[in-house]
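K.L.:
okay, here's the prediction I keep looking at, along with the sequence it came from:
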Amino acid sequence: MGRLFGTDGVRGIANRELTCDLAMAIGRAAASVLARGGRRRPVFVIGADTRMSADMLEAALIAGLCSVGADVIKLGVLPTPAVAYLVGKYKADAGIMISASHNPAEYNGIKLFNGEGYKLADALEEEIECIVLDDAESPLTPVGGDIGRVTVAENAVKDYIDHLKSTVLFALDGMHIAVDCANGSAAMTAPRLFQELGADAHILFDRPDGVNINDRCGSTHLEALAQYVVENGLELGVAFDGDADRCLIVDKNGQLIDGDQIMAICSLDLRERGKLSGNTVVGTILTNFGFTKFCEENDLRFIATKVGDRYVLEELLLGDFAFGGEQSGHIIFRDFATTGDGQLTAIQLLSYIKRSGRELTELATVMTRYPQLSINLKVSAKGKLQFHTNAAIKAAIKAAKNALGTTGRVVVRPSGTEPLIRVMAEGLDDTLIREQAEAVATVIREQLCD
């Protein structure tokens, strides 16, 4: 993780940490790095989620891009994976998404994509950091007709929805579902997508006002969706996060179907259709142990990466694999997308349910989810750095691992997107994992928390 970029772009409190000056500098540096060696003026597409600060940051980014001679195509409000797709569709050199994903409204972020729609390699992010933070090179300052221009893509939402629709084998006619848009980007696309696919979709939390994104809704707050599904007798509920690059599901009983379970269901479908290259699924070190057992029982190969969908994608590309994702709902169908896509995940799963004629509750039984407890501890940037060298914390983690033995595990790590240390314990004994997670968390609070 670099000085500016975390596991999912640059992120911070808008107008305090992520300022207009910083956004403009990132725009200038990104255009300089990503256009290097090009034969024409570079073209960037730029989209945003529904946060109040998006307009401000977009204006600053565009000013930076145009000031070094890059042209900009404004996509408007739409999901992160739409930006990744439209980079290629519109033959742009790079894409920018302004979003802080599942974070509260006061945060915002800048995600960069290359001309193929993939998140930037670490080396390119480091080059941009050096220009922004160290004045490693002076970006060009063109004048007259060489300054960049701005245009608007009027059909961006339609083009993205048409792409999503093209990936499913069956329409969703007759399915009665609820869709939680998290008052975010999905509010611009999900109602139309599910309507055009034929589903009877009850659309929830689709009234963004700039500050209600992810507020007691979306994939990080499933309580309202679960209650709505049960009270209205629906088949299931779909929840996206603020920029709709992740998806979680609740079944007809309001029970969570997480990313690991979605991967289990979809991996069997992909294999049955001959679409699971290498008979392999890629997850992370936080993937539930129950998924590992599922893979063993079904003769599937499982590869675990570091946490972050960018690392899942790197492994998919390295091994030329087709499918992988995270428990949080970042699922990558590489045949159709270059990044996690919540709406793509939802319609792939729903299409399979429709084709199979089976209920989600039944399909989810292919995997047994082991008890797992996560504790998030807020720390300062300094605390995140001290975590790696703190002897007392290392001793507490070692003691927890010894206590869990071969029946469980503990994973402790700094978040790549938030000021948090995350403690996760998993195992067969629910009481034991809770005790050990709390023991580690107590030491972290004593050592690093204010």
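P.N.:
Yep, that arrived.

K.L.:
which SSE is Val410 in?
P.N.:
In this assignment (DSSP states H and E), Val410 forms part of strand 408-414.

K.L.:
could I have that strand exported to CSV, CA atoms only?
P.N.:
Extracted in CSV, the C-alpha atoms of strand 408-414 (Å, rounded to 0.1, in the frame of the first residue of the first chain):
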residue,chain,number,x,y,z
GLY,A,408,-9.8,-22.5,13.6
ARG,A,409,-7.7,-19.5,12.5
VAL,A,410,-7.3,-15.8,13.2
VAL,A,411,-6.4,-13.1,10.6
VAL,A,412,-5.5,-9.6,11.7
ARG,A,413,-4.7,-6.9,9.2
PRO,A,414,-4.9,-3.1,8.6
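
K.L.:
identify the residues contacting it?
P.N.:
For strand 408-414, contacts defined as C-beta atoms under 8 Å, 6 or more residues apart in numbering pick out 285-286, 289, 307, 379, 384, 387, 393, 397, 400-401, 404, 420-429, 432-433, 436-437, 440, 444. C-beta here means a position set from N, CA and C on the backbone, and glycine is covered the same way.

K.L.:
just the buried ones among those residues, please.
P.N.:
286, 289, 307, 379, 384, 387, 393, 397, 400-401, 404, 420-427, 432-433, 436-437, 440, 444 (16 or more other C-beta atoms under 10 Å).

K.L.:
looking at the residues you listed, which are in strands?
P.N.:
In this view, those that belong to strands under DSSP state E are Leu420, Ile421, Arg422, Val423, Met424, Ala425, Glu426, Gly427.

K.L.:
what stretches of the stretch 151-300 of the chain score poorly on pLDDT?
P.N.:
Within the stretch 151-300 of the chain, no range satisfies pLDDT under 70.

K.L.:
quick one, phi/psi of the residue lying closest to Ala59 once chain neighbours are set aside?
P.N.:
Spatial nearest neighbour of Ala59, excluding adjacent residues (C-beta to C-beta, 6 or more residues apart in numbering): Cys20 at 7.7 Å. Per-residue torsions, Cys20: phi -60, psi -40 (degrees, to the nearest 10).

K.L.:
can you get me a residue count around Cys20?
P.N.:
17 (other C-beta atoms under 10 Å).

K.L.:
ok, now how distant is it from Glu315?
P.N.:
Applying C-beta to C-beta, to the nearest Å, the value for Cys20 to Glu315 is 36 Å.

K.L.:
Glu116 now?
P.N.:
17 Å.

K.L.:
isn't Gly254 up against Gln227?
P.N.:
Yes - under the criterion of C-beta atoms under 8 Å, Gly254 makes contact with Gln227 at 6.7 Å.

K.L.:
biggest helix in this structure, by residue count?
P.N.:
Taking DSSP state H as the criterion, the chain has its longest helix at helix 430-448.

K.L.:
which elements pack onto that one?
P.N.:
strand 372-378, helix 381-387, helix 391-404, strand 408-414, strand 420-427 (3 or more C-beta pairs under 8 Å, 6 or more residues apart in numbering; DSSP states H and E).
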